[in-house]
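Enquirer: after the sequence you'll find the predicted model.
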Amino acid sequence: MKNIEIKTTQQRTNPLANVFDRFMQFCQSRSLFMLHYCTGCGAIELPPAMTSRFDMERLGIQPMVTPRQADILLITGYVSVKTLKRVILTYEQMQSPKYVIGICSCTVNGGMYWQSYATAKKLNDYLPVDLYIAGCMPRPEAVIEGLQLLQNKIANNDGHSWKDYFQNYDYYLGNQQHLFGEDWQTPTDIITEAKHYGLEAEGTYGKHTELLAKHQHPLQPLPLKTNN
Ligand code: SF4
């Protein structure tokens with residue numbers, strides 16, 4: 001494993017508090033739960049990365065089955081328009097701070113599906129992506145290297161991409177509306193969350209959030225099917 005240089009961006013006056021901050025950042029970077037959303041063929045590289053050959057758990061990263069307890073959302077290949085809706089729903093269910101990694105060239109630019117009408121081309125148009133691991137498909141060593149880069153960012157207090165979703169929500173929402181239609185909405189109230197985290201910014205609001213407010217309605221439970 002690589003040596004990492006830890007620094008804090010906000011120095012406090014009490015030196016002991018700084019030491020404590022650095023320790024906490026290090027602990028956070030070495031205790032990450034990862035939700036792997038296996039959208040494409042790149043997912044086949046995850047079993048060797050997770051199991052005894054490469055064993056990502058020795059780095060402090062282990063799989064998690066629900067978004068609510070996950071820190072990392074790992075997207076493992078091309079994302080169809082239908083799947084992207086579920087990816088966004090999943091991302092919004094995760095608690096902050098949260099991180100997104102796109103594996104495979106398909107998440108960077110659509111890869112070999114770049115001309116497909118059914119594939120979203122650039123994942124970072126719809127979600128704030130912390131890191132891409134390019135390749136078709138990247139080997140487990142590359143996956144491990146990418147995860148270590150993310151750990152270094154967190155330990156250096158440098159992993160703040162999740163804030164961008166709140167601060168530039170209108171941009172992300174606009175791209176989502178362009179793909180899914182202007183009545184697109186999710187169960188999560190991102191604007192209220194932005195206020196909660198103190199991350200409201202000029203880019204939080206705009207013509208797309210106005211459109212959302214116009215179309216927003218309480219989501220109804222699906223009707224129960226009966227045999228009658
Ligand atoms: S980059 Fe290659 S391996 Fe990865 S999802 Fe696309 S086609 Fe599959």
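Expert: That came through, no problem.
Enquirer: which residue comes closest to residue 137 once chain neighbours are left out?
Expert: Computed as C-beta to C-beta, 6 or more residues apart in numbering, the closest residue to residue 137 that is not its neighbour in sequence is residue 42, at 4.2 Å. Any C-beta I mention is one placed from the backbone N, CA and C, and that applies to glycine too.
Enquirer: and whatever helix or strand residue 35 lives in, what does it pack against?
Expert: Here residue 35, judged by DSSP states H and E, is contained in strand 32-37. The contact analysis (3 or more C-beta pairs under 8 Å, 6 or more residues apart in numbering; DSSP states H and E) places strand 32-37 against strand 61-63, strand 72-75, helix 81-93, helix 140-155.
Enquirer: who are the packing partners of the second one?
Expert: If you count contacts as 3+ C-beta pairs under 8 Å, 6+ apart, strand 72-75 packs onto strand 32-37, helix 81-93, strand 99-103.
Enquirer: on that earlier part again, quick check: mean pLDDT of the next helix or strand after the strand holding residue 35?
Expert: Once strand 32-37 ends, the next helix or strand along the chain (criterion: DSSP H and E) is helix 46-50. Averaged over helix 46-50, pLDDT sits at 90.
Enquirer: now helix 46-50: buried residues?
Expert: By neighbour count on 16 or more other C-beta atoms under 10 Å, the buried set for helix 46-50 is 46, 48, 49, 50.
Enquirer: which parts of this structure sit against the ligand?
Expert: 40, 41, 42, 77, 78, 104, 105, 106, 111, 112, 136, 137 (C-beta under 6 Å from any ligand atom).
Enquirer: state the pLDDT value of the closest residue to the second one other than its chain neighbours.
Expert: Distance criterion C-beta to C-beta, 6+ apart; nearest residue to residue 41, sequence neighbours excluded, is residue 77 at 5.5 Å. In the prediction, the pLDDT value recorded for residue 77 is 90.
Enquirer: my guess is residue 77 contacts residue 42, does it?
Expert: Yes - counting by C-beta atoms under 8 Å, residue 42 is a contact partner of residue 77 at 4.1 Å.
Enquirer: hey, what's in contact with both of these two?
Expert: 103, 104, 106, 137 (C-beta atoms under 8 Å, 6 or more residues apart in numbering).
Enquirer: could you dump the residues you listed into a markdown table and include pLDDT and neighbour count?
Expert: Output for the shared contacts of residue 77 and residue 42, formatted as a markdown table (pLDDT from 0 to 100; neighbours: other C-beta atoms under 10 Å):
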| residue | pLDDT | neighbour count |
| --- | --- | --- |
| 103 | 93 | 30 |
| 104 | 92 | 25 |
| 106 | 93 | 28 |
| 137 | 89 | 22 |
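Enquirer: surely the residue nearest to residue 41 is within a strand?
Expert: No - per DSSP: H, G, I helix; E, B strand; the rest coil, residue 77 lies outside any strand segment and is coil.
Enquirer: what count of nearby residues applies to it?
Expert: 24 (other C-beta atoms under 10 Å).
Enquirer: contacts only, for it.
Expert: Here residue 77 is in contact with 38, 39, 40, 41, 42, 43, 103, 104, 106, 107, 137 (C-beta under 8 Å, 6+ apart).
Enquirer: next, the last one: secondary structure please.
Expert: If I follow you right, that is residue 137. coil.
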